[in-house]
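J.: need a 3D model of the following:
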Amino acid sequence: MIERVMELAMVLGKRGESQELSLLCAAAVEELKGCLKPGITPEDCGEAFVLGAAWLALAGLEVSEDGVESFTAGAVSIRRKNGSLRQKAMRLQALQVMKPYIEDDGFLFRGVKG
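T.: Below is the predicted model of the structure:
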């Protein structure tokens, strides 16, 4: 399964094969497995699992590449890339794809005494 995630991540991210991406794909698979509802397996999710894991891996890669975009020596100017917005968007995309299969941990409703 990790190989399929890796292939899709390379296509989606327009990237070549790398050890870093391979490790991030393996970590993304494990992260998503841990989020699945009880009784649901990655195979039950079909291609959604592969797509979600690929987006998570790319989000992790985005964080690792969040560095300096440009540097000017005269009148010193350093501009950083803002990969964190792209990373958040990729993670959100992954979670949206997997929404039917993962446990919801973002909302709890308790009764209100009237």
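
J.: now do stretch 26-36: distance to the chain's middle.
T.: How far stretch 26-36 lies from its chain's middle: 10 Å, per C-alpha atoms, centre = their mean, to the nearest Å.

J.: just give the nearest non-adjacent residue to the residue nearest the centre of the chain, would you?
T.: Note on the chain: the residue nearest the mean C-alpha position is Leu56, at 1.6 Å, using C-alpha atoms, centre = their mean. Closest residue in space to Leu56, ignoring its immediate chain neighbours: Ala28 at 3.7 Å, by C-beta to C-beta, 6 or more residues apart in numbering. The way it works is simple: take the backbone N, C-alpha and C, and place the C-beta from them, glycine included.

J.: report the buried residues of whatever helix or strand Ala89 lives in.
T.: Applying DSSP states H and E as the criterion places Ala89 in helix 83-98. Across helix 83-98, burial judged by 16 or more other C-beta atoms under 10 Å covers Gly83, Arg86, Gln87, Met90, Arg91, Gln93, Ala94, Leu95, Val97, Met98.

J.: now stretch 19-32
T.: Leu21, Ser22, Leu24, Cys25, Ala26, Ala28, Val29, Leu32.

J.: rounded mean pLDDT for it, please.
T.: For stretch 19-32, mean pLDDT is 92.

J.: okay, it in PDB with CA atoms only?
T.: Taking Å, rounded to 0.1, in the frame of the first residue of the first chain, the C-alpha atoms of stretch 19-32 are listed here in PDB:
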ATOM      1  CA  GLN A  19      13.800   8.600   0.600                       C
ATOM      2  CA  GLU A  20      12.200  11.600   2.500                       C
ATOM      3  CA  LEU A  21       8.900  11.200   0.500                       C
ATOM      4  CA  SER A  22       9.000   7.400   1.100                       C
ATOM      5  CA  LEU A  23       9.300   7.800   4.800                       C
ATOM      6  CA  LEU A  24       6.600  10.400   4.900                       C
ATOM      7  CA  CYS A  25       4.300   8.100   2.900                       C
ATOM      8  CA  ALA A  26       4.900   5.300   5.400                       C
ATOM      9  CA  ALA A  27       4.200   7.700   8.300                       C
ATOM     10  CA  ALA A  28       1.000   9.000   6.600                       C
ATOM     11  CA  VAL A  29      -0.300   5.400   6.200                       C
ATOM     12  CA  GLU A  30       0.300   4.800   9.900                       C
ATOM     13  CA  GLU A  31      -1.300   8.100  10.900                       C
ATOM     14  CA  LEU A  32      -4.500   7.400   8.900                       C
END
